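1. Mind looking at a prediction? Sequence and model below.
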Amino acid sequence: MPTDCTKPVPSTCIPVAVTDPRVLDCFSRRFNAATRDALIPPVTHTPNGDENLADKCATYSKCILQDSPGKVNIPAFNAFRNAIDTGSFADFQALTMGGPRTLNGPMGSYAYAFVGADGSQFGDMDVPTPPKLDSDQYATELIELYWCALLRDVAFTGYHKSQIAHHACHELSNSADYQGPTDSGKVTPALLFRGNFHGEEIGPYISQFFLTPTMFGAAPFDQKYVTYKPNIDYMTDLASWFAVQNGQPTGAANQNDPTLRYLHDGRGLAAFTHVDELYQSYFTAYLVLNSLAAPNRFNPGNPYTGSTTQNGFGTFGGPDISAVLGQVAKLALNSCWYQKWVVHLRHRPESGGGLVHLIKTGAATFDGSPLPRALNSHAVLANFDKYGTYLLSQPFPEGSPSHPAYPTGHGAVGGACITVLKFFFNGDLVLSNPQVPALNGTELEPWNYNPATGKPGLLTVNGELHKLAHNVTFGHGLHGGIHWRSDSDVSMQLGEAVAIRFLDDLVCTYAEPINITIAKLDGSTHTFTN
């Protein structure tokens, strides 16, 4: 709900020395926004209970000392858990690690937010309990990841001709608790590995914001990227997999494709997200949106719409939009980190693949296990036929980043940044002349409706923003083999919630009259007023 920015502040709360009217007004707005945020009702945080397994086989412990494949050193883990509980920098410094690799930013979990809600104030309604190790949804998400790995080098526009893609569609269509989009209950090649939010099923898999040429100031930007050479995967043998779990280097390195390409397959998306700045794609989307010739490109509630005497700049102009994207990205990331480390501590898909391999080969027994249908899935068997192992192949030699899986930073930042772009730009605007990458990614071609490459319909700003955020978070997660589907879906909604709280406070800083409405990921609306 909107903040009443200018309501009177109790005189006992105003510092005596503050008498300047403008400073008092600024103080009142900050006080009222902070008070509103502090009065958010208490929330609950419910982990899935997998950490109760004595051997911690379904809990994140990567880089903490491992005793043997799949078995963390319990005293080292207990010290790790204590550090999480205390939030003490010194306790994290004292951990027993398995190698030289360090944990990725756990202290960000405890950083405070001075605009919007604190990360601890987003609870089960925003970040529901993730699937348990022995649940149907866990099994289905693991099966999907194996199929995604097998299709890493197939162009999205080539899925309809791929026998592997058709096998994936068949198995996922018959998998309990599948959370992806379907057509009459069936997964199709055109819907494979897509998100469910409005507009994502229309048009090509890759968002137009990843394809449209633009300008970065005076520098032309054609949106071709460095990707990795095809058919080179990692961690497909137990020795390298175990070394990575201990945080030890394997000596392997990614090999760049010498040809710049448009993002057109899973490996390309994974390569992009391996090195991107987390809000990079959304800054580029801003550049594209800001360069559109359409006079109605801005949100209809923009206070400068129709003005003949002034335009936005430090507010509602380029400096404002680009800065707010960076501000909200940081808040979304820290809110996500609170969930990752303090609440859920969910293990990575590579760990789930390790359980599959160790159980199926009889190399170890555990206190928990994925369901038999995951262990015996067509995806896992096809993976064994290709690699001679049941481990989940990875496109990066170091596997996942050294932080827990749920939710994902890329998704949270994506959900937050697209919410900011909706605040400034017209989400209903139709993007003209859509394009799609050629099969090899070296050229762009006009997209005309083809049932093999997406459902018919108009490509709108909101739909392509939803698609962009899922391209990025699925590129990092599903195609990168390092996140579960639920990590991404939930994180986008968390990021949206963070951004809405942030923007509710931000509008109190504007002198312009604000009445701006956006469409949320779930189709409902939110209005910002001051």
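-> That came through fine. Source: prediction; values computed, not measured.
2. Now do the strands in the stretch 351-500 of the chain.
-> Using DSSP state E, counting those that start in this stretch, the strands of the stretch 351-500 of the chain run over residues 435-437, 444-446.
3. With respect to burial, which of those scores highest?
-> Highest mean neighbour count of those: strand 435-437, a mean of 23 (counted as mean count of other CB atoms under 10 Å). Placement of C-beta: from N, CA and C, glycine included.
4. shouldn't residue 444 be in contact with residue 435?
-> Yes - between residue 444 and residue 435 a contact is recorded at 4.4 Å, counting by CB atoms under 8 Å.
5. Common neighbours of those two, please.
-> Taking CB atoms under 8 Å, 6 or more residues apart in numbering as the contact definition, residue 444 and residue 435 share the neighbouring residues residue 211.
6. Grab the most central residue of the chain for me.
-> Closest residue to the average C-alpha location of the chain: residue 411 at 1.5 Å, with CA atoms, centre = their mean.
7. wait, doesn't that residue sit right on residue 492?
-> Yes - using CB under 8 Å, residue 411 is in contact with residue 492, at 4.8 Å.
8. Identify the contacts common to those two.
-> The contact sets of residue 411 and residue 492 overlap at 469, 473 (CB under 8 Å, 6+ apart).
9. just to revisit the earlier point, of all the strands of the stretch 351-500 of the chain, which one is nearest residue 54?
-> Nearest of the strands of the stretch 351-500 of the chain to residue 54, taken as CB to CB: strand 435-437 at 48.9 Å.
10. Given that closest one, what are its sheet partners and their directions?
-> Under the criterion DSSP bridges, strand 435-437 sits next to strand 444-446 (antiparallel) in its sheet.
11. what are the ranges of the strands in the stretch 101-250 of the chain?
-> Assigned by DSSP E, counting those that start in this stretch, the strands in the stretch 101-250 of the chain fall at 214-216, 219-221.
12. returning to that earlier point: the residue nearest to the centre of the chain: what's it in contact with?
-> Residue 411 touches 336, 469, 472-473, 477, 483, 487-492, 494-495, counting by CB under 8 Å, 6+ apart.
13. Those residues in helices, which ones?
-> Counted as lying in helices by DSSP state H, out of the contacts of residue 411, are 336, 469, 472-473, 487-492, 494-495.
14. TSV for those, including distance to residue 203, neighbour count and pLDDT?
-> TSV is the format used below for these (distance: CB to CB, whole Å; neighbours: other CB atoms under 10 Å; pLDDT from 0 to 100):
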residue	distance to residue 203	neighbour count	pLDDT
336	29	32	98
469	15	34	98
472	17	30	98
473	19	31	98
487	25	32	97
488	20	27	94
489	20	23	94
490	25	23	97
491	23	32	98
492	19	30	98
494	26	24	98
495	23	35	98
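15. So which of the residues you listed is the closest to residue 457?
-> Taking CB to CB as the measure, residue 457 lies nearest residue 469 of the ones in helices among the contacts of residue 411, at 18.7 Å.
16. Hmm, residue 494 and that closest one touching each other?
-> No - look at residue 469 against residue 494 with CB under 8 Å: they stay out of range, at 11.9 Å.
17. can you list residues touching both of these two?
-> The contact sets of residue 469 and residue 494 overlap at 411, 415 (CB under 8 Å, 6+ apart).
18. Give me the residues contacting the least confident helix or strand in the chain by mean pLDDT.
-> Lowest by mean pLDDT, DSSP states H and E among the helices and strands of the chain is helix 21-38, with a mean of 90. Helix 21-38 is contacted from outside by 3-9, 13-15, 18, 115-118, 121, 501, 504-505, 508-509, using CB under 8 Å, 6+ apart.
19. Mind checking which of the residues you listed land in helices?
-> Of the positions in the contacts of helix 21-38, 501, 504-505 sit in helices, assigned by DSSP H.
20. Could you identify the buried members of these?
-> 501, 504-505 (16 or more other CB atoms under 10 Å).
21. Just send those back as a markdown table, with distance to residue 265 and pLDDT too.
-> Formatted as a markdown table, those follow (distance: CB to CB, whole Å; pLDDT from 0 to 100):
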| residue | distance to residue 265 | pLDDT |
| --- | --- | --- |
| 501 | 36 | 97 |
| 504 | 39 | 96 |
| 505 | 41 | 95 |
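22. can you give me the mean pLDDT across stretch 296-315?
-> Mean pLDDT, stretch 296-315: 95.
23. Just give me the neighbour total for the residue nearest to residue 401 when sequence neighbours are not counted.
-> Spatial nearest neighbour of residue 401, chain neighbours left out: residue 104 (5.1 Å); criterion: CB to CB, 6 or more residues apart in numbering. For residue 104, the number of neighbouring residues by other CB atoms under 10 Å comes to 17.
24. What of residue 66?
-> By the other CB under 10 Å criterion, the neighbourhood of residue 66 contains 22 residues.
25. Ok, the one 4 residues further on next?
-> Other residues within reach of residue 70, judged by other CB under 10 Å, total 23.
26. doesn't residue 59 make contact with it?
-> No - Residue 70 lies out of contact with residue 59 (CB under 8 Å); the separation is 11.7 Å.
27. what's the residue nearest to residue 401 in contact with, if anything?
-> Contact analysis of residue 104 by CB under 8 Å, 6+ apart lists 401-403.
28. Okay, it and residue 340: tell me how far apart.
-> 10 Å (CB to CB, to the nearest Å).
29. Overlap in contacts, the two.
-> The contact sets of residue 104 and residue 340 overlap at residue 403 (CB under 8 Å, 6+ apart).
30. Nearest spatial neighbour of residue 384, chain-adjacent residues omitted?
-> residue 390 is the one closest to residue 384 (CB to CB, 6+ apart), at 5.5 Å.
31. go on, residue 270?
-> Counting by CB to CB, 6+ apart, residue 270 lies nearest to residue 480, which is 3.9 Å off, once chain neighbours are set aside.
32. what's the burial count for that neighbour?
-> 30.
33. residues touching it, list them.
-> Residue 480 makes contact with 269-270, 273-274, 394-396, according to CB under 8 Å, 6+ apart.
34. where does it land on pLDDT?
-> Here the pLDDT value assigned to residue 480 is 97.
35. tell me the phi and psi of residue 111?
-> Main-chain torsions, residue 111, degrees, to the nearest 10: phi -70, psi 140.
36. Look at it and say how many residues are nearby.
-> Per other CB under 10 Å, the neighbour tally for residue 111 reads 17.
37. With residue 253 instead?
-> By the criterion of other CB under 10 Å, residue 253 has 11 neighbours.
38. quick one: it and residue 147, what's the gap?
-> According to CB to CB, residue 253 stands 26 Å off from residue 147.
39. With residue 244 instead?
-> Residue 244 is 22 Å from residue 147, where distance means CB to CB.
40. These two: which is more packed in?
-> Applying other CB under 10 Å to residue 244 and residue 147 shows that residue 244 carries more neighbours, namely 28 against 24.
41. That one: what's it in contact with?
-> By CB under 8 Å, 6+ apart, the contact list for residue 244 reads 62, 235, 250, 350, 397-399.
42. And for residue 418?
-> So residue 418 contacts 282, 285, 465-466, 468-469, 496 (CB under 8 Å, 6+ apart).
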